[in-house]
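S.K.: coordinates only, sequence not included:
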């Protein structure tokens, strides 16, 4: 057995087309339900979606289906995102680090491969460092470690003020609504997430906006945008973490990524022992160019 479901039920509309499970987790006395999905059989491959306002395991669907003929693909929704509980708590790096450790130790009884996109890459690296016996290989897809405001150079004091505003009951909901309109989401996708604007159809944007309209949806995205859940403080921490590992690592570089993000990806790719491949795409490459990314992963693992 490669995965142990705590509670599960067959899914007729699962976002990767598999079986949906619930993992009951406790964080500082708070019960949190984490939703994940499994597809296929074989060595388990844990798929970690990128953090974003519209983060969901559905981003990994094509990759999961491509892997499922040879491996067991497992995709989860981070706490505060997707179908997992979206509570009004202080989302912070220690929460996500502990969640990954507890999840992997509870759900798997064999070592796993981890594929992580965006900010998920930093947490995957820390998992491999903290639980070396649990991770066989790592694939980092367009890895990032700075939230949008930090990437823009905003000081921590300003980012913190913005986060507190978005978390506030009335003004916060209003500000969040302004940043999740269809027009704003389309603008953000065109600037940073997708290269091909033709893919940003009204139906696509409508589906993405629906993700943002769930109860409690603003709390975790506010933490992401303001840098509260950045996995590390700076690039050197990522580099030191990679250098401490002795497992195979593949980095997927996004050719059209924003300059700051692309520079960080390229710095990782230059490290000794790290394999890399450059593919067309930007920060949403794992979804927009999912076929290319899936083939690169299969070739690597």
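M.R.: Yep, that arrived. Remember, it's a predicted structure, so these values are computed and weren't measured experimentally.
S.K.: residue 226: neighbour count?
M.R.: By the criterion of other Cβ atoms under 10 Å, residue 226 has 24 neighbours. Backbone N, C-alpha and C define where each C-beta goes, glycine included.
S.K.: isn't it right up against residue 147?
M.R.: Yes. Counting by Cβ atoms under 8 Å, residue 226 touches residue 147, with 6.0 Å between them.
S.K.: can you tell me the element residue 278 falls in?
M.R.: Per DSSP states H and E: residue 278 is located in strand 274-279.
S.K.: same question, residue 296
M.R.: Assigned by DSSP H and E, residue 296 falls in helix 290-300.
S.K.: which residues make contact with stretch 178-191 from outside it?
M.R.: 53, 54, 197, 200, 202, 205, 206, 208, 209, 212, 213, 284 (Cβ atoms under 8 Å, 6 or more residues apart in numbering).
S.K.: and the third one, what does it touch?
M.R.: Which is residue 197. By Cβ under 8 Å, 6+ apart, residue 197 lies in contact with residue 190.
S.K.: any idea how far residue 284 is from residue 200?
M.R.: Remark: distance between residue 200 and residue 284 (Cβ to Cβ, to the nearest Å) = 11 Å.
S.K.: neighbour-wise, which of the two wins?
M.R.: residue 284 (24 against 18).
S.K.: contact partners for the more buried one?
M.R.: Residue 284 makes contact with 50, 59, 189, 192, 193, 194, according to Cβ under 8 Å, 6+ apart.
S.K.: how about 10 Å then?
M.R.: Listed by Cβ atoms under 10 Å, 6 or more residues apart in numbering, the contact set of residue 284 reads 50, 52, 54, 59, 117-118, 142, 189, 192-195, 199, 254, 257, 290.
S.K.: most neighbours of all those residues, which one?
M.R.: residue 117 (30 neighbours).
S.K.: quick one, what contacts that residue?
M.R.: Listed by Cβ under 10 Å, 6+ apart, the contact partners of residue 117 are 47-52, 55, 59-60, 63, 124, 139-144, 252, 283-287, 293.
S.K.: now the end-to-end length of stretch 54-70.
M.R.: 29 Å (Cα to Cα, to the nearest Å).
S.K.: and it, average pLDDT?
M.R.: Stretch 54-70 carries an average pLDDT of 97.
S.K.: next structured bit after the host helix or strand of residue 35?
M.R.: According to DSSP H and E, residue 35 maps onto strand 30-39. Proceeding N to C from strand 30-39, the next assigned helix or strand is strand 44-48, under DSSP H and E.
S.K.: tell me which strands that following strand pairs with, and in which orientation.
M.R.: If you go by DSSP bridges, strand 44-48 pairs up with strand 72-76 (parallel), strand 112-117 (parallel).
S.K.: can you pull the buried residues of the helix or strand hosting residue 61?
M.R.: In this structure, residue 61 is located in helix 61-67 according to DSSP H and E. The neighbour-count check on helix 61-67 (16 or more other Cβ atoms under 10 Å) flags 61, 62, 63, 64, 65, 66, 67 as buried.
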